[in-house]
Structures are given as structure tokens and as C-alpha cells.
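*Asks:* quick check, what structure comes out for this input:
(chains A and B)
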Amino acid sequence: MPISRRTFLKASVAGVGISALGFDLKPAYAAVRQLKIRNAREYKTVCPYCAVGCGTIAYVHGSGGLNTTNTIIHVEGDPDNPINGGTLCPKGASQMGLAISPRLRKSPMFREGGASEWREVDWDFAMDWLARKFKESRDATFTEQDSQGRTVNRTNGIAWVGSATVANEDAYLITKTMRAMGLTYIDHQARI
Amino acid sequence: MPDTLAIKRISASPSALIPLESLRSGGPVYSKLVDISKCIGCKGCEVACKEWNDLKVEQTSNFGSMQSHKDLSSNTWLLMRFNEVEIGDDLSWMIKKDACLHCEEPGCLFACPAPGAIVQYQNGIVDFNQDQCIGCQNCVSGCPFDIPRFDKETKTVAKCNMCIDRVEVGLEPACVKTCPTNAIQWGIKDDMLALAEKKVETMKRRGYEHAALYNPGGVGGTHMMYVVPHGDRLEDYSLPAHPVASPAPLGGLNVLRRVGSYLLGFGVLSALAHFLAVGPMSPEEDS
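*Replies:* Here you go, the predicted structure:
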């Protein structure tokens, strides 16, 4: 069959059209996600949760410049720390949430006796309420003398539970204050 | 591309059947070693995995087990399974770190018809590239360990990538780093094999006579190996006793698919050629 000039041109246009559809079978290589901490600044810190005190590294984005707000992007164990050698428990591994979780409560929650719902209150209200209840309980349960007539000046109606997340100085102040109030039930909650 | 990411196999390409040779001498071939007898079930690895890979949080519910999620998902690449089994009068906790085992002969890669969607690196890691994934889920049926999970929103499949972004720069995967009891260890595969041998010996001395290393040969060995105290009860750990992945049947399907698509294209081209050479069919004139 003779191919006319017109047929040849038609075939050429069709060929170009088909190749434009993409017959490139060269396999695309997998793109590995870039290391997300590659340009982050490292801050060595200590896990705030329990009394073990694992060393952690907080990775922070932000230059620290005057007009910037830094944000934490990742937290993992500090391999140089002799306590944990880089390891972290599930709670420690998720501690970034303590800093940036949108679910984090920023103000005290209050549920009155008999109420079924929690509501947000401001700190002034919470502190006043706590102080009033503290005084009421103390006044009601304060004993100056025990059954044998010995002076004890203690408050048996209140107990104080400390926390692993408070610092040494906080713990000292808590103990001093609570002893001054007459508390004898002072304990520690190592894993809070 | 750095040497740590030298490629061994690419899905739907000839290298799926004949692994690529690297021009340079081989870099380290890595492996995880999970000593189940040392696991305390803290699930730190699960949290570290979610945190490092920025995987979305899923609502969990208590279904009477220590297990956090019921199953793996496209957003849960690592799940500690807690199977409770009675051996004699004793309750045994058959813990399994359920995540991709990174087979030496990966069934998912052999089954994948999308070029470049699954890549195996010379260091042993099998990675999914969601940009190239066509969402056909052949990898799900190709995997002898039932690991890959389809994501309905992105229409792609996802699984553990052994934190390849960390491994590339010399860091261990997130789950390995966080493990507080040394139950997950990381290193060159030969070292891990030697370590596993020692662990098995120790366990046997302590009365676990069936202690064994799980590094199944049916898939050419894996790059996450387990040391199991009860090697005779693999099914209680949800570990398949004889997993098999072979390039021939899975790859054969892909060849058939390719032949089919070529035949289709040949048909279209032939029709076009016929149109050009003979011209369109003209309606018969009424006589």
C-alpha cells in the first residue's frame, strides 16, 4: 500500500500524541522521608514524669531569635545519660504531648459536690476554694492533745501526697508548710 | 544518593526477580533482634513509633487484654500482641512485636505491580513509597505475615519502614532506641545472629528447652528476628511456622498483567494503523 504524504503526517501526529501520554517505564525510586530532626536545635533535659529522671533530648524548631516563637518537634532519650542510656518508657516517649498537646488543660477544672459535669474555673477561684476547704477541714479535725493528755497539735483529717515532678526545693517547702499546718500524713507518689 | 540507601530490589521491575548489584562494596546489613523473654509489655516501642513517624492517634478501647489496639492499621505500624496461653498449669504471656519483618525475599514487593512503590535496600529494609502506590493491595495478599494495611483516606498501603530516615544517618529505629529492657536490639545481622545463638543457649539452660530463633528461611530470612522462649508454639505467638514468599508465582502474575496490558495496547495501535492504512468504514450507499 503506498503511503501518501497526508497519511504519513497523520501517523506522525498520532505517534507524538501517544508518546505524550507517557510510556516512560523508568521506575521511580522511593523517596525516603528526610530526617525530621535534621535542623532542629537540641536541648538536653530530664523527663518530668517519674522519680527515675531519665535524660531526654528535646528537638526544637526555631532560631531562638527575638521575633520567633520556638516549637518542640520531637523528644527522645539521651544516649549519653547514664540513667537510661537513651531508652524511655511509653509515658516518657510521649512527653512531647505535655508541652504541645492541644488537649492540655490550661486552667483548673472544677466539679462541685453533686454535680456531674466539670467546668473550667480560674486560678484565683481554685486557690480560694482550696484554702477555704483546707481551713474547714483543719478546724474540724485539729487535735491539740491525744487521749493520754499529751500535746500533739496535729490534723488527722488531711493528707498530702507529693509528686515525683516537683523539684527538691519544692519538696522541702511542701513538707515544711504541711508540717506547720499540723499534717502527719505526708506521702510521696513516685509515679504520677 | 548515599551508600546507606543503595537499592536492591524495585517492585514491578526486573530487579524484583534479579536483585541489583551495587557498584560499591556492601554497606552494613542491619537487623533487629527481639528477645521476647525480656519484654515487659510496656509498649514504649509503640509510642516511640507513633511519635517518630507522626502517625495519627486512634481511639482505643479496653477489650480485656493488655493489648492497646485490636489490630495493626495504616496509622499503627507496630502493635504489641499479648496472647494469653495456658502451658500446663501456668499462664504464659505470648508477647509478639507485630510489625514488618523486612524479609530478605519480600512477598509484598514480588506481588506489587506499581513500579517503585516498594523498594528493598541493600541494608535489608523494605520500604513502601506511597507516592507511587496505586492502592491495589496486592502487597497485602502477598505478605505471609499479614502486615501491610490499606488506608481508605489516602488510598495507599502503609507499614513499618524500619525508620529508614533514621537508619540512613546512622541512628537506630525509634522502637529500638526506646526499649527500656534491652528486649529489642539493633546491629549488623551477623552480630545479631551470634547474639541470638547465645540467648537461645541461655534460655535452654534455664529450662526453656524449645527456645528458638525465628528467622524463617521461606522468605530468605528476616531483618527483624525473634528469640522465642516457646519455639514449639509459634502459632500462639501469631507467628506463621512456615512463611513462604517466592518471586516466581507472585512475579508471574505481574508478568501476565504486563502481557495483558501490552496486548491491549497492541490492539489499540492495530486499530489505529488499520484506520490510517485503510481509512474509516464508509456507509454503503443505497443502490
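*Asks:* name the helices or strands packed onto the longest helix anywhere in chain A?
*Replies:* Ranked by residue count under DSSP state H, the longest helix found in chain A is helix A:123-141. Using 3 or more CB pairs under 8 Å, 6 or more residues apart in numbering or on different chains; DSSP states H and E as the contact criterion, the elements in contact with helix A:123-141 are strand A:109-110, strand A:151-163. Using the backbone N, CA and C atoms, a C-beta is placed for each residue, glycine as well.
*Asks:* pretty sure A:S163 sits against A:D187.
*Replies:* No: counting by CB atoms under 8 Å, A:D187 is not a contact partner of A:S163; they are 10.6 Å apart.
*Asks:* ok, the residue of the stretch 151-287 of chain B found nearest chain A - how many residues close by?
*Replies:* Of all residues in the stretch 151-287 of chain B, B:P180 sits closest to chain A, with a separation of 4.4 Å (CB to the nearest CB). Here the neighbour count serves as a burial measure; for B:P180 (other CB atoms under 10 Å in any protein chain shown) it reads 21.
*Asks:* ok, it touching A:L88?
*Replies:* Yes: B:P180 is within contact range of A:L88, at 7.1 Å (criterion: CB under 8 Å).
*Asks:* sorry, back to before: return the most buried member of the helices and strands packed on helix A:123-141.
*Replies:* Among the helices and strands packed on helix A:123-141, judged by mean count of other CB atoms under 10 Å in any protein chain shown, the one packed with the most neighbours on average is strand A:151-163 (a mean of 15).
*Asks:* so what strands line up beside that strand?
*Replies:* For strand A:151-163, the paired strands and their directions (DSSP bridges) read strand A:142-145 (antiparallel), strand A:183-189 (parallel).
*Asks:* for the residue of the stretch 151-287 of chain B closest to chain A, which non-adjacent residue is spatially closest?
*Replies:* A:T87 (4.4 Å; CB to CB, 6 or more residues apart in numbering or on different chains).
*Asks:* does the nearest residue to A:G77 once chain neighbours are set aside belong to a helix or a strand, and which?
*Replies:* Closest residue to A:G77 apart from its sequence neighbours, by CB to CB, 6+ apart: A:G86 at 4.0 Å. For A:G86, there is no host helix or strand (DSSP states H and E).
*Asks:* would you confirm that A:G86 contacts B:K177?
*Replies:* Yes: using CB under 8 Å as the test, A:G86 is close enough to B:K177 to be in contact (5.3 Å).
*Asks:* so A:T68: helix, strand or coil?
*Replies:* Using DSSP: H, G, I helix; E, B strand; the rest coil, the three-state assignment for A:T68 comes out as coil.
*Asks:* return every residue with contacts to both of B:P180 and A:L88.
*Replies:* By CB atoms under 8 Å, 6 or more residues apart in numbering or on different chains, B:P180 and A:L88 have these common neighbours: B:G44.
*Asks:* just for chain A, where's the confidence low?
*Replies:* Per-residue confidence for chain A (pLDDT under 70) gives these ranges: A:1-3, A:14-31, A:190-192.
*Asks:* which residue is the nearest non-sequential neighbour of B:V169?
*Replies:* Of all residues not flanking B:V169 in the chain, A:L35 sits nearest, at 5.6 Å (CB to CB, 6+ apart).
*Asks:* ignore what I typed, I meant B:C136.
*Replies:* Distances taken as CB to CB, 6+ apart put B:P113 closest to B:C136, at 6.3 Å, once the chain neighbours are dropped.
*Asks:* show me where chain B has its strands.
*Replies:* Shown for chain B, the strands assigned by DSSP state E span residues B:7-10, B:30-35, B:79-87, B:90-98, B:118-121, B:126-128, B:149-151, B:156-158, B:184-188, B:212-214, B:224-228.
*Asks:* packing partners for the last one?
*Replies:* Applying 3+ CB pairs under 8 Å, 6+ apart, we find strand B:224-228 packed against strand B:30-35, strand B:90-98, helix B:189-205, strand B:212-214.
*Asks:* weakest of these in terms of mean pLDDT?
*Replies:* When mean pLDDT is averaged over each of the helices and strands packed on strand B:224-228, strand B:90-98 scores lowest at a mean of 91.
*Asks:* and A:G92, what element?
*Replies:* With elements delineated by DSSP H and E, A:G92 resides in helix A:90-93, which encompasses its position.
*Asks:* B:Y226: neighbour count?
*Replies:* Applying the criterion other CB under 10 Å, we find 23 residues in the vicinity of B:Y226.
*Asks:* just A:E169 next, same as before
*Replies:* Counted by other CB under 10 Å, the residues lying close to A:E169 total 8.
*Asks:* just the element for it, please.
*Replies:* Using DSSP H and E, A:E169 sits within helix A:168-181.
*Asks:* okay, the angle between that helix and helix A:123-141?
*Replies:* In terms of direction (axes from the mean of the first three to the mean of the last three CA atoms, to 10 degrees), helix A:168-181 departs from helix A:123-141 by 40 degrees.
*Asks:* before we move on, the earlier item: so who does the residue nearest to B:V169 touch?
*Replies:* The contact partners of A:L35, taken as CB under 8 Å, 6+ apart, are B:D165, B:R166, B:E168, B:V169.
*Asks:* neighbour count, distance to B:D127 and pLDDT added to those residues, as CSV?
*Replies:* Supplementary listing: the contacts of A:L35 in CSV, determined by neighbours: other CB atoms under 10 Å in any protein chain shown; distance: CB to CB, whole Å; pLDDT from 0 to 100:
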residue, neighbour count, distance to B:D127, pLDDT
B:D165, 20, 10, 93
B:R166, 21, 12, 94
B:E168, 20, 11, 89
B:V169, 12, 15, 90
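*Asks:* now do the SS call for the residue nearest the centre of chain A.
*Replies:* Nearest residue to the geometric centre of chain A (CA atoms, centre = their mean): A:L98, 1.2 Å. On the three-state scheme (three-state DSSP), A:L98 is labelled helix.
*Asks:* thought it was touching A:L104?
*Replies:* Yes: between A:L98 and A:L104 a contact is recorded at 7.2 Å, counting by CB under 8 Å.
*Asks:* re the thing from before, looking at the strands of chain B, which is nearest to B:M203?
*Replies:* Between B:M203 and these, the tightest spacing by CB to CB is seen for strand B:224-228, at 7.3 Å.
*Asks:* any idea of the mean pLDDT in the closest one?
*Replies:* For strand B:224-228, the per-residue pLDDT values average out at 96.
*Asks:* quick one on the thing from earlier: for the helices and strands packed on helix A:123-141, which one sits closest to B:S246?
*Replies:* Each of the helices and strands packed on helix A:123-141 has some distance to B:S246 by CB to CB; the shortest is strand A:151-163, at 57.6 Å.
*Asks:* what's the closest one in contact with?
*Replies:* Residues from elsewhere that reach strand A:151-163 (CB under 8 Å, 6+ apart): A:134, A:137-138, A:140-146, A:171, A:174-175, A:178, A:181-189, A:192.
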